[in-house]
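>>> everything below, folded, please.
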Amino acid sequence: MNKFKKIVASGLASLVLATAAPVALPGTQTHIEVEAASIGESLVNYGKKFMGVPYVFGGTTPKGFDCSGYTQYVYKSQGVTLPRTADQQYKVGKAVSKSQLAPGDLVFFANTYKPGISHVGIYAGGNLVLNATSSKGIALVSINSSYWGPKYAGAKRVIETSDKFVDIVKNDPTYPAIEALTDDGIIQGYEGKLFKPSEPVTRGQAAAIINRVLKSEPNEIAYFKDVSVSNPFAKDIAAIREAGIITGFADGTFKPYANMSRTEMAIIVHKAFELKLGNAGAAAYSYADVNSSYWAYEPIASMKAIDATGVFKTDKYNGGSKATRAIFSTAIYNAMNAK
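A predicted model of the protein is given here:
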């Protein structure tokens, strides 16, 4: 076991991904991504984008929806596939009482244009249902109105979120990593049972995360002109720089509040955990968008080589895109469990 894995085995409980909030550098502004409080609210917010789209019997696209075509389309935005018709959708998910309805739940009505389950919408909160109506198209209606109230037939919860976080579904491939690291006290979420899986990890946060594993004290701090000694990540950035895990740029900056790319993530995880590709070599774990001559080819290949979740076992790596909290967590989880 190498020295980094020994540290992982004994001291990772102090590693927390919810690092200090971004601090604006002079003359700049920070951008904090605003996320919905839950997967259900994300569904509702997405569904509201189609308010006013006309009702079309058999319609399944934004050109025109019927009720079940609409719910099917909106749920697909969260990667959930629903059956085509209202009565078929009524057979999936977990039954929810009217008093326990939450945004995103499917709400069903009976005996509208035909006997039995014949209409479905998405609960939007406040006793309102977002659905495809024949008169106004996609609209919000009261679940207790004189027309809809008597026809209410029940509700189903199709998306089951984590018990810990309301913004992560259990069937998300990153969830096992997030759950394991949370159970071990490695990751913390935010208030309101949020994990914010799509929030980017900054270069400064990544330095702090890695150094909480290494617990290194730097010989000096003043390495980068944009990292003052008062910067909350100053010591961690210096320590990681001295270890050769995360370096700066040619202009003498570190850019601590810049979002970390997936390529940068691969490089630091590969170095920090001393990942090996084994006899198969990098070619066995290649990506279509990463040329074998690329300087970060082996670190990127290692993300697929050690992957136990399926998250990195894709055709393309998309190295230029941001490393999110969910993706970064998964990379750490895989590295911790690498054989």
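>>> contacting residues around Ile117?
By CB atoms under 8 Å, 6 or more residues apart in numbering, the contact set of Ile117 is 86-87, 90, 108-110, 153. The way it works is simple: take the backbone N, C-alpha and C, and place the C-beta from them, glycine included.
>>> run the last query once more with 7 Å
Counting by CB atoms under 7 Å, 6 or more residues apart in numbering, Ile117 touches 86-87, 90, 108, 110, 153.
>>> reformat those as CSV; add neighbour count, pLDDT and secondary structure.
Compiled in CSV, these are given as follows (neighbours: other CB atoms under 10 Å; pLDDT from 0 to 100; DSSP: H, G, I helix; E, B strand; the rest coil):
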residue, neighbour count, pLDDT, secondary structure
Ala86, 25, 97, helix
Asp87, 17, 96, helix
Tyr90, 22, 97, coil
Phe108, 21, 98, strand
Ala110, 18, 98, strand
Ala153, 17, 98, strand
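>>> list the contacts for the residue lying closest to Gly204 once chain neighbours are set aside?
Excluding the flanking residues, the one nearest Gly204 by CB to CB, 6 or more residues apart in numbering is Pro256, at 3.3 Å. When contacts are counted by CB under 7 Å, 6+ apart, Pro256 touches 202-204, 226-227, 231, 233, 237.
>>> could you do Lys271 as well?
Neighbours of Lys271 in contact, by CB under 7 Å, 6+ apart: 244-245.
>>> mind running it again at 8 Å?
For Lys271, counting by CB under 8 Å, 6+ apart, the contacting residues are 243-245, 299.
>>> now the helix or strand encompassing it: mean pLDDT?
Using DSSP states H and E, the element containing Lys271 is helix 262-272. Averaged across helix 262-272, pLDDT comes to 94.
>>> which of the contacts of Lys271 sits closest to Ile138?
Nearest to Ile138 among the contacts of Lys271 is Pro299, at 46.3 Å by CB to CB.
>>> mind checking the SS state of that closest one?
helix (DSSP: H, G, I helix; E, B strand; the rest coil).
>>> the closest residue to Asn291 other than its chain neighbours: how many residues sit nearby?
Distance criterion CB to CB, 6+ apart; nearest residue to Asn291, sequence neighbours excluded, is Tyr297 at 7.2 Å. By other CB atoms under 10 Å, 18 other residues sit near Tyr297.
>>> hang on, isn't Tyr297 packed against Tyr285?
No. With contact defined as CB atoms under 8 Å, Tyr297 does not reach Tyr285; the gap is 9.9 Å.
>>> what's the burial count for the residue nearest to Ile300 when sequence neighbours are not counted?
Nearest non-adjacent residue to Ile300, counting by CB to CB, 6+ apart: Ala266, 4.7 Å away. For Ala266, the number of neighbouring residues by other CB under 10 Å comes to 26.
>>> helix or strand for the closest residue to Gly104 other than its chain neighbours, which one?
Distance criterion CB to CB, 6+ apart; nearest residue to Gly104, sequence neighbours excluded, is Gly40 at 2.5 Å. Element membership for Gly40, per DSSP H and E: helix 39-48.
>>> which residues does that helix contact?
By CB under 8 Å, 6+ apart, helix 39-48 touches 35-36, 70, 74-75, 77-78, 102-105, 122-125, 130, 138, 159, 161, 166-169.
>>> which among the residues you listed end up buried?
35-36, 70, 74-75, 78, 102-105, 122-124, 130, 138, 159, 161, 166-169 (16 or more other CB atoms under 10 Å).
>>> please flag which of those sit within helices.
Under the assignment DSSP state H, the buried ones among the contacts of helix 39-48 contribute 70, 74-75 to helices.
>>> out of those, the closest to Asn337 would be?
Nearest to Asn337 among those is Tyr75, at 32.4 Å by CB to CB.
>>> does the closest one touch Pro83 like I think?
No. Shown here, Tyr75 and Pro83 do not form a contact pair, counting by CB under 8 Å, at 10.5 Å.
>>> and the gap between the nearest residue to Tyr90 once chain neighbours are set aside and Gln89?
Distances taken as CB to CB, 6+ apart put Ile117 closest to Tyr90, at 4.7 Å, once the chain neighbours are dropped. Counting by CB to CB, to the nearest Å, the gap from Ile117 to Gln89 is 8 Å.
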